[in-house]
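>>> Below is the sequence, then the predicted model.
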Amino acid sequence: MADDDKGIRDLISTVLAGAGFNVNAASDGQQAWEALLREQYDLLITDNEMPRLVGIQLIERIREAGMSLPIIIASGSFPMERLRDYAELQIAAALSKPFRVIELLNAVRNVLQASCGSTTADQHTFKRIHARPQPIRRCDKSNVVLCKP
């Protein structure tokens, strides 16, 4: 997960870790890029406005490097209506800040289901966060890199 806002980064990390995901957080796009070069991840959640490397530039680098991991962009400044302009970047989902925790969890679940197919669900964990539990399907590693300081 990449986000330059420590509060947002901590919140997303805590929510996803509570849902059973392994989460690595980066404070900017460059730090996220370096993490992606060192380790394989199942999902990237990134803000757009960050120091050193903005989200769209990070996504462009990822795609130019041939990485196919799914990406969720979560931003208060990215014009979501322009998402179609970036179709070649294959952004799996977009969240406008501020977003609700359940919107984040649903986006993560849906994106991972689409990219990983059927896997076992962790309904006990999801029950604590959501009144009507639905399965969260995960890839084998369930590694999420969060980008934003």
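Arrived safely, thanks for sending. Note that the structure is predicted; figures quoted are calculated from it, not measured.
>>> Centre of the chain to the helix ranked longest in the chain, how far?
Ranked by residue count under DSSP state H, the longest helix found in the chain is helix 101-116. Computed by C-alpha atoms, centre = their mean, to the nearest Å, the chain-centroid distance of helix 101-116 equals 9 Å.
>>> Please apply the same query to stretch 67-80.
8 Å.
>>> And for stretch 92-106?
That offset, for stretch 92-106, works out to 10 Å (C-alpha atoms, centre = their mean).
>>> Test my guess that residue 24 contacts residue 12.
No - checked against C-beta atoms under 8 Å, the pair residue 24 and residue 12 is beyond contact range at 11.5 Å. In short, each C-beta sits where N, CA and C put it, glycine included.
>>> Which one of the two is surrounded by more residues?
Per other C-beta atoms under 10 Å, whichever of residue 24 and residue 12 has more neighbours is residue 12, with 26 against 19.
>>> in what helix or strand does the more buried one lie?
Assessed by DSSP states H and E, residue 12 sits inside helix 6-18.
>>> Report the buried residues of that helix.
8, 9, 12, 13, 15, 16 (16 or more other C-beta atoms under 10 Å).
>>> Just the CA trace of the helix or strand following that helix, in CSV.
Remark: after helix 6-18, the chain's next helix or strand is strand 22-26, criterion DSSP H and E. Output in CSV follows, covering the C-alpha atoms of strand 22-26 (Å, rounded to 0.1, in the frame of the first residue of the first chain):
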residue,chain,number,x,y,z
ASN,A,22,-0.1,-9.5,5.0
VAL,A,23,0.5,-5.8,4.4
ASN,A,24,3.6,-3.8,3.6
ALA,A,25,3.2,0.0,3.6
ALA,A,26,5.2,2.5,1.7
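>>> packing partners for the next helix or strand after strand 22-26?
As assigned by DSSP H and E, the chain's next helix or strand after strand 22-26 is helix 29-38. Secondary-structure packing of helix 29-38 (3 or more C-beta pairs under 8 Å, 6 or more residues apart in numbering; DSSP states H and E): strand 2-3, strand 22-26, strand 43-46, helix 55-64, strand 143-148.
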